[in-house]
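Enquirer: 3D, please:
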Amino acid sequence: MDHMMRPKAIVLPESAQVPDRNLLQPPPNQFTHEVKAEQPYYYIGPHQAAPPEGKFPAGTKVVLLTHDGGLVCRVADARGLCVATAFGGLRPLGRRRSKGHTREK
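Expert: Numbers count the residues shown, from 1 in each chain. From the prediction side, this is the model:
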């Protein structure tokens, strides 16, 4: 491969890096909720003037970390990304029952 062409190197802006405070190590491996439809997330909290840092795709599984009953909660995804997002856009994951299990009355 004598004539391999390489793309021009670029330096990403500082905003491309996830702040350490927004990463959980190790990332969670059990989840409590999933995202109903694509929705934005924020590193600190939603601000009207600030654009979101990213968006969760529909079906993303997350663990609910904190929720004080308001519109916003903190969650972490399978990558360990710990962010603020709208609580109303989450659906609790149902508890699975094993086959043959019956609920006593």
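Enquirer: and residue 83, how many neighbours?
Expert: By the criterion of other CB atoms under 10 Å, residue 83 has 23 neighbours. From N, CA and C alone the C-beta is placed, and that goes for glycine too.
Enquirer: Spatially, what comes nearest to it if we skip its sequence neighbours?
Expert: residue 41 (4.0 Å; CB to CB, 6 or more residues apart in numbering).
Enquirer: for the chain, which spans come out with low pLDDT?
Expert: By pLDDT under 70, the low-scoring segments of the chain are 1-2, 14-15, 45-48, 95-105.
Enquirer: May I have stretch 26-42 exported as PDB, CA atoms only?
Expert: Provided in PDB are the C-alpha atoms of stretch 26-42 (Å, rounded to 0.1, in the frame of the first residue of the first chain):
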ATOM      1  CA  PRO A  26     -18.600   0.900  36.000                       C
ATOM      2  CA  PRO A  27     -21.700   1.500  33.800                       C
ATOM      3  CA  PRO A  28     -25.000   0.000  35.000                       C
ATOM      4  CA  ASN A  29     -26.000  -3.500  33.900                       C
ATOM      5  CA  GLN A  30     -29.600  -3.400  35.200                       C
ATOM      6  CA  PHE A  31     -32.200  -0.900  34.100                       C
ATOM      7  CA  THR A  32     -35.500   0.400  35.400                       C
ATOM      8  CA  HIS A  33     -36.900   2.400  32.500                       C
ATOM      9  CA  GLU A  34     -36.800   2.800  28.800                       C
ATOM     10  CA  VAL A  35     -37.100   6.000  26.700                       C
ATOM     11  CA  LYS A  36     -40.600   6.000  25.000                       C
ATOM     12  CA  ALA A  37     -39.600   8.200  22.000                       C
ATOM     13  CA  GLU A  38     -36.500  10.000  21.000                       C
ATOM     14  CA  GLN A  39     -35.800  12.700  23.600                       C
ATOM     15  CA  PRO A  40     -33.000  15.100  24.500                       C
ATOM     16  CA  TYR A  41     -30.700  14.900  27.400                       C
ATOM     17  CA  TYR A  42     -28.500  17.500  29.200                       C
END
